[in-house]
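Trainee: Make a model of this:
(chains A and B)
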Amino acid sequence: MSIFLPQFIIGGLFLGGMYTLIALGIVIIYKSTRVFNFAQGWMVTLGAFMLVTLVEKFGVFIGVIGGLAFGVLLGMVIERLLMRPLIGQPLIAALLLTIMLAHVIEGINILTWGTFGYDLPVKLPGQSIKLGGVVISHALLWGIGVAIAAFAAFSFFYWRTMMGRVMRATAEDHQVAQSEGLPVKSVFSLSWVLAGMLSVIAGLFLGVVSGVHYIMYTSLLGAIAVVLLGGIDSIAGAIVGGMILGVLQSLVTGYLNPALADVIPYIVLLLILIIKPCGLFGLVRIERL
Amino acid sequence: MERPAGIFDIRYEQDMAIVRTGPQWAFLIGFLILLAVLPLFTGSYFLGFMILTGIALIAVLGLNILIGYAGQISLGHQAFVAVGAYTTAVLMDSFHWNFWATVPLAGIAAAAVGVLFGLPSFRLKMLYLAMTTLAAQFIIIAFFNHAFPDYFRAVSGIRVNRPELLGIDFRNNEAFYYVVIGIAVVMTIIAKNLVRCRLGRAFVAIRDNDLAGEVIGIHVAKYKLYAFAVGCFYAGIAGSLWATYYRSVNPLHFHLDVSIWYLGCLIVGGMGTAVGAVFGVVFLRCIKELVTIISPILSEIVSPMDAPKIGPALGIISWALVVILFLIFEPRGLAHTWEVLKSRFRHWPFKYAI
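Mentor: Down below sits the predicted model:
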């Protein structure tokens, strides 16, 4: 039992890292546009598929760069074509639109890549390490490291750079920000671009570790629970919530029941919403008349 | 509301009537007669289409009460349909109940589960509530998938026999058509009237401004639960019919996609109108049938490698794209288009827009 524990924890931290990357995308979009992007998990799947094709055609280096460029393009296209016409409509319309977008992306995935699984032939530098008789794949460590790095980069970006300040100001109130002369439209665009890039990065590591399949999004929906657990507008919440949920899910899979592990995110989601609706680190907004 | 010139309401009942004029009565009765004689002219395929449309309509009417009137967004409606389906299936399979006795019980069971998952609505609204119903979707389906394997039989699925009544065998689609369409018509009338009484007006008040509703004396928490109970009751009835139509119940039937599809019907039709639910369901069902007709033809054109992808991919893209277009270009849905058309027709050749 104890010999597997580090394995489970590392696996859980990797899953948590992937949750963090996806949750960061959702949080960044929500913070600046107040739109909850339901389609983020599907965007990861699309990004991973795109990486498979690009890496096969152009090799690893150009393939990954091209994949990131695709993520940028994806974010820009979604924002410009789908989200901008909805500005001024109730926010729930935007949520519904991202839900429908998720299904369109799923359809595109099936249409282009079919219903089989693919391997992502990317070799990450480094070697598996042995830790007290347990072999830990370096791909997992890479995933965890990148998630932490992404968290650090976004924290720095939000609190220390000019554009980050502009984004925080826009998050407070769109109209006031616009009348102060802030580039609200670029902020919206930028947040979708960042989310698109994050989804490709998450797709890269998930693809390397477990292959790419169009049904991948089902396991990524847990990221929604991560977002709500950590607080919907909190970047620190994304990583803390992601790691908690990832390790919890991994331990439940290992020691209790894999079937239960699939619903763990949703049970956590229900509990956190009942006990503390704003999440662990979320900003408590008081409703005023 | 507009009406033709020369029609005056002199009593309160006239002012409140849904069907006001002679031609409206004629259209309504003509439509009902058309529904009644349809099996005489059409084949089993079309009746299957109508039955599925009727079942989806009942579910969407419930969702319409929940979202369109009470403003409580549910992303897990198909899970409540599943509760109804499993109630009917288990009662008939393991306890040998009569089908007709299980239908109301299926509704009540779904309503009870709906109230349970509606409890978070005391504290939450909009996005957060939508996420709890998403959790409900996965938790309920996982429950049917893994709990009580002796009763729910997730691996093999439960077989359900079509019922019989007064010597009429409902195993063929012609007879079952009348059951589904009959229940659908009754449920539509109830839904249309429910939202015009005290209950429905309270729902609308909560949707538009819950604080103002509380101030004028509506017990908001209680009425939110009522909304969940009524909406999920409809889902349960739909589930009961669903189980008997497919003659088997399997957790795979109750996927998140179907919940989203119901939501799409509501967006296409227009939220908060009974006629919108009907339009939306019929419209998206027609698209679904169109795709099942077109995709084999397309599969022959493309290379054999791509052929098996066409069906499932088009099946998803088609309706989701239609819903996106509606969200962007006509958020008020087909119900609004219908009103505009009626108004244009009345005012022709003048162009008063409503």
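Trainee: my read: residue B:277 touches residue B:57, true?
Mentor: Yes - if you go by CB atoms under 8 Å, residue B:277 and residue B:57 touch, sitting 6.6 Å apart. To be clear about C-beta, it is placed using only N, CA and C from the backbone, and glycine gets the same treatment.
Trainee: Compare those two (neighbour count), which wins?
Mentor: Between residue B:277 and residue B:57, residue B:277 has the larger neighbour count (other CB atoms under 10 Å in any protein chain shown), namely 32 against 28.
Trainee: per-residue confidence at the residue in the stretch 1-150 of chain B positioned nearest to chain A?
Mentor: Going by CB to the nearest CB, chain A is nearest to residue B:135 of the stretch 1-150 of chain B, at 3.8 Å. Looking at residue B:135, its pLDDT is 89.
Trainee: ok, it touching residue A:272?
Mentor: No - between residue B:135 and residue A:272 there is no contact under CB under 8 Å: 10.2 Å.
Trainee: Pull up the overlap in contacts between the two.
Mentor: Common neighbours of residue B:135 and residue A:272, using CB atoms under 8 Å, 6 or more residues apart in numbering or on different chains, are residue A:225.
Trainee: which of the two has more neighbours?
Mentor: Legend: neighbour count by other CB under 10 Å for residue B:135 and residue A:272, higher for residue B:135 (26 against 22).
Trainee: and the one helix or strand the more buried one maps to, what other elements does it pack with?
Mentor: In the assignment (DSSP states H and E), residue B:135 maps to helix B:126-146. Helices and strands touching helix B:126-146, by 3 or more CB pairs under 8 Å, 6 or more residues apart in numbering or on different chains; DSSP states H and E, are helix A:91-113, helix A:222-230, helix A:258-275, helix B:77-94, helix B:99-118, helix B:256-269.
Trainee: Most tightly packed of those?
Mentor: helix A:222-230 (a mean of 29; mean count of other CB atoms under 10 Å in any protein chain shown).
Trainee: is any part of that one close to chain B?
Mentor: Yes - using CB under 8 Å from any CB of the partner chain, helix A:222-230 comes into contact with chain B via A:224, A:225, A:228.
Trainee: want to throw these into TSV with pLDDT?
Mentor: Putting the residues of helix A:222-230 next to chain B into TSV (pLDDT from 0 to 100) gives the following:
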residue	pLDDT
A:224	87
A:225	88
A:228	87
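Trainee: Tell me what angle the helix holding residue B:135 forms with helix A:91-113.
Mentor: Helix B:126-146 runs at 50 degrees relative to helix A:91-113, counting by axes from the mean of the first three to the mean of the last three CA atoms, to 10 degrees.
Trainee: quick one: residue B:121 and residue B:131, what's the gap?
Mentor: From residue B:121 across to residue B:131, the span is 12 Å (CB to CB, to the nearest Å).
Trainee: Which residues outside stretch B:42-50 are in contact with it?
Mentor: B:38, B:39, B:172, B:173, B:174, B:177, B:180, B:181, B:285, B:289.
Trainee: typo on my end, stretch A:236-254
Mentor: A:4, A:8-9, A:11-20, A:23-24, A:26-27, A:147-148, A:151, A:155, A:222-223, A:225-231, A:260-261, A:264-265, A:268, A:279-282.
Trainee: Can you list the low-confidence ranges for the stretch 51-200 of chain A?
Mentor: A:131-133 (pLDDT under 70).
Trainee: make it 90
Mentor: Residues of the stretch 51-200 of chain A meeting the criterion pLDDT under 90: A:51-64, A:67, A:79-96, A:106-188.
Trainee: where along it do the helices fall?
Mentor: For the stretch 51-200 of chain A, the helices defined by DSSP state H, counting those that start in this stretch occupy A:60-78, A:91-113, A:138-160, A:162-172, A:174-179, A:184-210.
Trainee: The first one packs against which elements?
Mentor: If you count contacts as 3+ CB pairs under 8 Å, 6+ apart, helix A:60-78 packs onto helix A:40-58, helix A:184-210.
Trainee: how about those in TSV, adding mean neighbour count?
Mentor: Below are the helices and strands packed on helix A:60-78 laid out as TSV (neighbours: other CB atoms under 10 Å in any protein chain shown):
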stretch	mean neighbour count
helix A:40-58	23
helix A:184-210	24
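Trainee: next one: phi and psi at residue B:331?
Mentor: Per-residue torsions, residue B:331: phi -60, psi -20 (degrees, to the nearest 10).
Trainee: For it, give its distance to chain A.
Mentor: According to CB to the nearest CB, to the nearest Å, residue B:331 stands 6 Å off from chain A.
Trainee: That residue and residue A:92 touch, don't they?
Mentor: No - using CB under 8 Å, residue B:331 makes no contact with residue A:92, being 10.6 Å away.
Trainee: where does the stretch 251-354 of chain B come near chain A, residue by residue?
Mentor: Residues of the stretch 251-354 of chain B lying near chain A (CB under 8 Å from any CB): B:257, B:260, B:263-264, B:267, B:306, B:308-310, B:312-317, B:319-321, B:323-324, B:327-328, B:331.
Trainee: In ChimeraX, how would I select the buried members of these?
Mentor: With 16 or more other CB atoms under 10 Å in any protein chain shown as the criterion, this ChimeraX line picks the buried residues out of these:
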select /B:257,260,263,264,267,309,310,312,313,314,315,316,317,319,320,321,323,324,327,328,331
